[in-house]
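>>> model this:
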Amino acid sequence: MGPVSGSFLVEGATVFDGERFHPATPVLVLDGRIAAVGGRPAPPAGTPVVDGRGATLLPGLVDAHTHVSPGALETALRCGVTTELDMFADPELAGSLRRRAAADPRTADVRSAGTGATAPGGHPSRLVDRGLLAPFPTVHGPGAAEAFVAARAAEGSDHLKLVLEDGTVPGHPCPTLDADTVRALVRAGHAHGLLVVAHVLTQAHALLAVDAGVDGLAHLFVDQPPSARFVEAAVRHGVFVVPTLTSLAARAGHRRGHALGTDPDLGPRLDPRDRALLEAGFPGPPAVPDGLAHAMAGVTRLAAAGVPLLAGTDAGSPGTAHGASLHDELALLVRSGLSPAAALTAATRAPAAVFGLPDRGRIAPGLRADLVLVRGEPERDVTRTRAVEVVWRGGHALGPPGPTRGTTAR
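The predicted structure is shown next:
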């Protein structure tokens, strides 16, 4: 069905506000904005009331690493992801999807890097050769950095993605950016007011990127466990990290996608294309079979050191699906030592704050009513986030509340 009224009251639900859980807390939404949290809200006559007993109300989830494609944002929203942060996409496609999201609450919102900065012939150029990606400009050394970044800013990129990938992990050697070019790109990105994020899969590239001044890493590396030197550098430079454990699991040969595609709650929200990508694997044997274990050890050590962690999936890559994979990412973060609350913060408040989206990621008065109602208690079992009952974006529901959620008017 189409969007419904942007005003409603949720009563009886536990509320996760982006940091903490609050039992049986009412939330009033008026005209697409959160008007009141807690207390005894007095909604206007006729305001729909959603019975949230036995459920938990979350901020709309934010996936901090995706690759958008037509239809992806609709799938994401069905699974409770209300905002995606794209990390490499055709700028015209990304722009059109963002414009559509601004006009249509039935699709997730998106912010995009547009074309990422990579060396001539560098990753992901092989996807162009295979017809999976349109040709894109590359960076021919440090002298080309300013012009490249200026072009991305003119296209409307919301942040800048650098690709440090020599192909050793996937087993396909390729050129990559050198240290001087990385430093020049970081300077240019910051001069244009862009957050700079680096794709890395090895610790050496992670250290290079951090020392060059990037704001964050779009993956954790998989070639070895994190060293004390890396953790100290991450703390000293104040970087954030998007581990993308669900994608790294696929790279390491773990077939986690099938369980998501057949999940009784998430499975029906996916289309055949989503399920096919979940079942897909990276070609060839895994170059680093212990890669997931190395990355999970990294999450444990970085969290203990206070490094900000953002939940992201690399959705669009083999073994992932938009929306659904973020729920698997939450489970892997908890397995790595985060509490359910900390994992959910990594998928709500933290990415919204880091990427300059202060109007979302929390449940607080004045913010956008991007909300997800799930059955059960993710505070005790984070996999309960998969039991999505209602998704609201800007106060508009995707459809009627589920069969166990009574709605009345007040």
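
>>> got the domain ranges for the chain?
As given by automatic domain parsing, the domain ranges for the chain are 1-60+362-410, 61-359.

>>> tally of neighbours for the closest residue to residue 21 other than its chain neighbours?
Closest residue in space to residue 21, ignoring its immediate chain neighbours: residue 379 at 4.7 Å, by C-beta to C-beta, 6 or more residues apart in numbering. Every C-beta, even on glycine, is put in place using the N, C-alpha and C of the backbone. Using other C-beta atoms under 10 Å, residue 379 has 17 neighbouring residues.

>>> contacts only, for residue 379.
Neighbouring residues of residue 379 by C-beta atoms under 8 Å, 6 or more residues apart in numbering: 14, 16, 21, 56, 340, 341.

>>> would you quantify the distance from the second one to residue 145?
In this view, residue 16 and residue 145 are 41 Å apart by C-beta to C-beta, to the nearest Å.

>>> where does residue 71 fall, phi/psi-wise?
Note on residue 71: its backbone torsions stand at phi 90, psi -20 [degrees, to the nearest 10].

>>> likewise for residue 109?
Here residue 109 shows phi and psi, under degrees, to the nearest 10, equal to phi -80, psi 160.

>>> ranges for the strands of the stretch 301-410 of the chain?
Taking DSSP state E, counting those that start in this stretch as the test, the strands found in the stretch 301-410 of the chain are 371-375, 388-393, 396-397, 407-409.

>>> pLDDT at the closest residue to residue 372 other than its chain neighbours, what is it?
Leaving aside its sequence neighbours, residue 372 sits nearest to residue 80 (C-beta to C-beta, 6+ apart; 4.1 Å). If you check residue 80, the pLDDT there is 98.

>>> my guess is residue 80 meets residue 388, correct?
Yes. Between residue 80 and residue 388 there is a contact at 4.7 Å, judged by C-beta atoms under 8 Å.

>>> of the two, who's got more company?
residue 80 (31 against 24).

>>> could you check how far that one is from residue 232?
Using C-beta to C-beta, residue 80 is found at 36 Å from residue 232.

>>> thinking again about what came up before, with neighbour count, pLDDT and distance to residue 76 added, can I get the contacts of residue 379 in JSON lines?
Output for those, formatted as JSON lines (neighbours: other C-beta atoms under 10 Å; pLDDT from 0 to 100; distance: C-beta to C-beta, whole Å):
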{"residue": "14", "neighbour count": "21", "pLDDT": "99", "distance to residue 76": "24"}
{"residue": "16", "neighbour count": "27", "pLDDT": "99", "distance to residue 76": "19"}
{"residue": "21", "neighbour count": "18", "pLDDT": "99", "distance to residue 76": "24"}
{"residue": "56", "neighbour count": "24", "pLDDT": "99", "distance to residue 76": "20"}
{"residue": "340", "neighbour count": "22", "pLDDT": "99", "distance to residue 76": "21"}
{"residue": "341", "neighbour count": "17", "pLDDT": "99", "distance to residue 76": "23"}
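
>>> out of those residues, which comes closest to residue 172?
Nearest to residue 172 among these, counting by C-beta to C-beta, is residue 340 at 37.5 Å.

>>> list the contacts of the residue nearest to residue 372.
Residue 80 sits next to 58, 60, 61, 323, 326, 327, 372, 374, 385, 388, 391 when contact means C-beta under 8 Å, 6+ apart.

>>> give me that answer again for 7 Å
Going by C-beta atoms under 7 Å, 6 or more residues apart in numbering, residue 80 touches 61, 323, 372, 385, 388, 391.

>>> give the contact list for the fifth one.
Taking C-beta under 7 Å, 6+ apart as the contact definition, residue 388 lies against 79, 80, 265, 372, 374.

>>> name the nearest of those relative to residue 199.
Of all the contacts of residue 388, residue 199 sits closest to residue 79, with 24.2 Å by C-beta to C-beta.

>>> with adjacent residues omitted, what lies nearest to the closest one?
In space, residue 79 is closest to residue 323, 2.8 Å off (C-beta to C-beta, 6+ apart).

>>> now residue 174: which helix or strand?
For residue 174, there is no helix or strand it lies in under DSSP states H and E.

>>> can you give me the neighbour number for it?
Residue 174 has 18 neighbours, counted by other C-beta under 10 Å.

>>> with residue 191 instead?
12.

>>> pull up the gap between it and residue 153, please.
Using C-beta to C-beta, which is the criterion applied here, residue 191 is 10 Å from residue 153.

>>> rewinding a little: most neighbours, which of the contacts of residue 80?
Counting neighbours by other C-beta under 10 Å, residue 323 leads these with 32 neighbours.

>>> enumerate every residue touching it.
The contact partners of residue 323, by C-beta under 7 Å, 6+ apart, come to 75, 76, 78, 79, 80, 81.

>>> next, the residue of the chain most remote from its centre: secondary structure please.
Taking C-alpha atoms, centre = their mean, the residue of the chain most remote from its mean C-alpha position is residue 45, at 37.6 Å. Under DSSP: H, G, I helix; E, B strand; the rest coil, residue 45 falls in the coil class.

>>> average pLDDT for the helix ranked longest in the chain, rounded please.
When the chain is parsed with DSSP state H, its longest helix is helix 291-305. Helix 291-305 shows a mean pLDDT of 97.

>>> may I see the buried residues of it?
Buried positions in helix 291-305, judged by neighbour count with 16 or more other C-beta atoms under 10 Å: 291, 292, 294, 295, 296, 297, 298, 299, 300, 301, 302, 303.

>>> equivalent analysis for stretch 48-68, please.
Using 16+ other C-beta under 10 Å as the test for burial, stretch 48-68 gives 48-52, 55-68.

>>> alpha carbons only: can I get it in CSV?
Extracted C-alpha coordinates of stretch 48-68, given in CSV (Å, rounded to 0.1, in the frame of the first residue of the first chain):
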residue,chain,number,x,y,z
PRO,A,48,-3.4,6.3,15.3
VAL,A,49,-2.1,4.4,18.3
VAL,A,50,0.2,1.4,17.7
ASP,A,51,0.3,-1.3,20.4
GLY,A,52,4.0,-1.9,21.0
ARG,A,53,3.7,-4.3,23.9
GLY,A,54,6.2,-7.2,23.5
ALA,A,55,8.1,-5.2,20.9
THR,A,56,11.1,-2.9,20.7
LEU,A,57,11.2,0.4,18.8
LEU,A,58,14.5,1.2,17.1
PRO,A,59,15.8,4.2,15.2
GLY,A,60,15.8,3.5,11.5
LEU,A,61,19.0,1.4,10.8
VAL,A,62,21.9,3.0,8.9
ASP,A,63,24.1,0.8,6.7
ALA,A,64,27.5,2.5,6.6
HIS,A,65,28.9,0.6,3.6
THR,A,66,26.8,-0.3,0.5
HIS,A,67,26.9,-0.2,-3.2
VAL,A,68,23.5,0.9,-4.5
